[in-house]
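Peer 1: return a 3D structure for these sequence lines:
(6 chains)
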4 protein chains.
Amino acid sequence: MEFGTNQAIYLQIVDYMCDNILSGKWSEGERIPAIREIAVSLEVNPNTVMRSYAYLQEKGIIYNQRGIGYFIAEKGLTATRQLKRSDFVKNILPRVFKSMDLLGVGFDELHQLYNQYQAKGNL
Amino acid sequence: MEFGTNQAIYLQIVDYMCDNILSGKWSEGERIPAIREIAVSLEVNPNTVMRSYAYLQEKGIIYNQRGIGYFIAEKGLTATRQLKRSDFVKNILPRVFKSMDLLGVGFDELHQLYNQYQAKGNL
Amino acid sequence: MEFGTNQAIYLQIVDYMCDNILSGKWSEGERIPAIREIAVSLEVNPNTVMRSYAYLQEKGIIYNQRGIGYFIAEKGLTATRQLKRSDFVKNILPRVFKSMDLLGVGFDELHQLYNQYQAKGNL
Amino acid sequence: MEFGTNQAIYLQIVDYMCDNILSGKWSEGERIPAIREIAVSLEVNPNTVMRSYAYLQEKGIIYNQRGIGYFIAEKGLTATRQLKRSDFVKNILPRVFKSMDLLGVGFDELHQLYNQYQAKGNL
DNA sequence: GTGGTCTAGACCACC
DNA sequence: GTGGTCTAGACCACA
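Peer 2: Numbering: from 1, shown residues only, chains lettered A, B, ... in the order given. You can find the predicted model right below:
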């Protein structure tokens, strides 16, 4: 994984993990990789990964069993969806819509860009 | 103007100025308020405003006439639009579309949220 | 005349006047345009032109006859040449030579660029 | 390092750093000294050094790794050379050649001055 | 009056 | 430890 420069790395890792949950790669109750494992594979300081795990634990998305590891919480999928959706609707969308107005991008054009994005993703 | 806590103040000022240009409040060739003027009206340190101006000058959106002040560049409107549109299409939209996929938000639902936003804005 | 943004306008005017003297456009003893005249033709504040004239007067290149105007001094051409040449040899050239070394630009290449410059000037 | 009075300190630091890159003292991918470190060694305010670093980052010559430090970019040497060479050919040389013409300094004389400079540098 | 630079010092997020 | 931002205040050159 490559990291952007704008956002904190630990938050980029959080996003990466949320994606894994939402996409079904990690199921509820399943054990997720150890902090050190992730740290090695992402070439990141373990402290940074720890911070991501702590964040997700605080949100009730994962939980820790001492000495064993971290697991996706029982309602981890729902919690993740709520967290992401709330952020999406309350923070992201309003800014997107405002930009559209200022740039004169209509909804039709947005649809076009969406189709382009989908096409690229399917390649 | 009130400032959010996520983004640097000087960047929020940059956005504020881009909005003024895109909305037509400031026209090309027009002089914009002096650094100290803005600093007083926004209750911010002049250095912070200077940073915003330097950023916009670097982008070719405004230019400086020694001892007189800052002006919207000849192609300032176009430059602003390009800057904002590029950021919108390359950085914002892909993340939005990805979120939509992961959250199962369809384009119809997006349209609905867009209409809600428009309705609010018109009140 | 267009002004660069790096150098003070009054110094750019000084250069412009020195050029006129060195190129023989203005001869020793000859009257030069009034401050207001220059100010209008260059679209500049008269104070700025005044500053240029004061600078040249201090260097002994021009002199003032009250109520009549400014004139090129008796040894104005020599004085200008000395001023420019001293600046050229002591300030400009060392930096040029240092840049050449760092950039790996040899004297042959410099000669080539010089010929290119000459060719362009003759068009 | 001693600072001239003509040019802003932060730009003199930029030059100093470009020199280090061009001369091979700092290689691509290598970490460069921390802002505070440079600030202490040059007896300058950290803000001033930061400004130099920000400038070089904007030019793609160095990049930042969060919480770790600044590094010479992958193509840092090329970028530096381009930046410097462009400035040299487009801004410096034309003025030099123009001065030569106005002062009646021929290319032979220039060569002589160049040799003198080289001799001094080798002592 | 205008902007441009610099210092000193503080606070913060992040690794 | 690293950089990033902001404030306060000073000084300067310039128009």
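Peer 1: neighbours of A:E58, just the number please.
Peer 2: Burial of A:E58 is recorded as 9 neighbouring residues (other Cβ atoms under 10 Å in any protein chain shown). For the C-beta atoms, the positions are set from N, CA and C on the backbone; glycine is no exception.
Peer 1: hang on, A:L110 packs against A:S99?
Peer 2: No - at 10.6 Å, A:L110 does not count as touching A:S99 under the criterion of Cβ atoms under 8 Å.
Peer 1: spatially central residue for chain A, please.
Peer 2: Per Cα atoms, centre = their mean, the C-alpha nearest to the average position across chain A is that of A:D15, at 2.2 Å.
Peer 1: CA-only coordinates of the top helix by length along chain A in PDB, if you can.
Peer 2: Counting residues, the longest helix in chain A under DSSP state H turns out to be helix A:107-122. As requested, C-alpha coordinates have been extracted for helix A:107-122 and formatted as PDB (Å, rounded to 0.1, in the frame of the first residue of the first chain):
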ATOM      1  CA  PHE A 107     -25.800  15.800 -12.000                       C
ATOM      2  CA  ASP A 108     -25.800  14.500 -15.600                       C
ATOM      3  CA  GLU A 109     -22.100  15.100 -15.900                       C
ATOM      4  CA  LEU A 110     -21.600  13.500 -12.500                       C
ATOM      5  CA  HIS A 111     -23.400  10.400 -13.800                       C
ATOM      6  CA  GLN A 112     -21.100  10.300 -16.800                       C
ATOM      7  CA  LEU A 113     -18.000  10.500 -14.500                       C
ATOM      8  CA  TYR A 114     -19.500   7.700 -12.400                       C
ATOM      9  CA  ASN A 115     -19.900   5.500 -15.400                       C
ATOM     10  CA  GLN A 116     -16.300   6.200 -16.500                       C
ATOM     11  CA  TYR A 117     -15.100   5.300 -13.000                       C
ATOM     12  CA  GLN A 118     -17.100   2.000 -13.100                       C
ATOM     13  CA  ALA A 119     -15.700   1.200 -16.500                       C
ATOM     14  CA  LYS A 120     -12.200   1.700 -15.300                       C
ATOM     15  CA  GLY A 121     -12.800  -0.400 -12.200                       C
ATOM     16  CA  ASN A 122     -14.000  -3.300 -14.300                       C
END
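Peer 1: for that helix, name the packing helices and strands.
Peer 2: Helices and strands touching helix A:107-122, as assessed by 3 or more Cβ pairs under 8 Å, 6 or more residues apart in numbering or on different chains; DSSP states H and E, comprise helix B:93-103, helix B:107-122.
Peer 1: how far off centre is it?
Peer 2: Between the mean C-alpha location of helix A:107-122 and the chain-wide mean there is a distance of 22 Å, by Cα atoms, centre = their mean, to the nearest Å.
Peer 1: and chain A, what are its domains?
Peer 2: As given by automatic domain parsing, the domain ranges for chain A are A:9-76, A:89-122.
Peer 1: between those, which gets nearest to D:L77?
Peer 2: Across the domains of chain A, the minimum distance to D:L77, taken as Cβ to Cβ, is reached by domain A:9-76, at 24.5 Å.
Peer 1: what's the helix or strand for the closest residue to DNA strand F within chain A?
Peer 2: As assessed by Cβ to the nearest atom of the strand, DNA strand F sits closest to A:T5 within chain A, at 8.1 Å. A:T5 is part of no helix or strand, with elements assigned from DSSP states H and E.
Peer 1: which strand residues bridge the nearest residue to it once chain neighbours are set aside?
Peer 2: Excluding the flanking residues, the one nearest A:T5 by Cβ to Cβ, 6 or more residues apart in numbering or on different chains is D:N64, at 6.8 Å. D:N64 has the following beta-bridge partners by DSSP bridges: D:Y70.
Peer 1: now do D:N64 against chain C, distance only.
Peer 2: Distance, D:N64 to chain C, by Cβ to the nearest Cβ, to the nearest Å: 25 Å.
Peer 1: over to A:L103?
Peer 2: 30 Å.
Peer 1: leaving out sequence neighbours, find the closest residue to that residue.
Peer 2: When the adjacent residues along the chain are set aside, A:L103 lies closest to B:R85, with 5.4 Å between them (Cβ to Cβ, 6+ apart).
Peer 1: count of residues packed around that neighbour?
Peer 2: Other residues near B:R85 come to 15 when the count uses other Cβ under 10 Å.
Peer 1: for A:N45, grab the count of nearby residues.
Peer 2: 14.
Peer 1: and for A:M100?
Peer 2: A:M100 has 17 nearby residues by other Cβ under 10 Å.
Peer 1: OK, contacts around it?
Peer 2: A:106-107, A:110 (Cβ atoms under 8 Å, 6 or more residues apart in numbering or on different chains).
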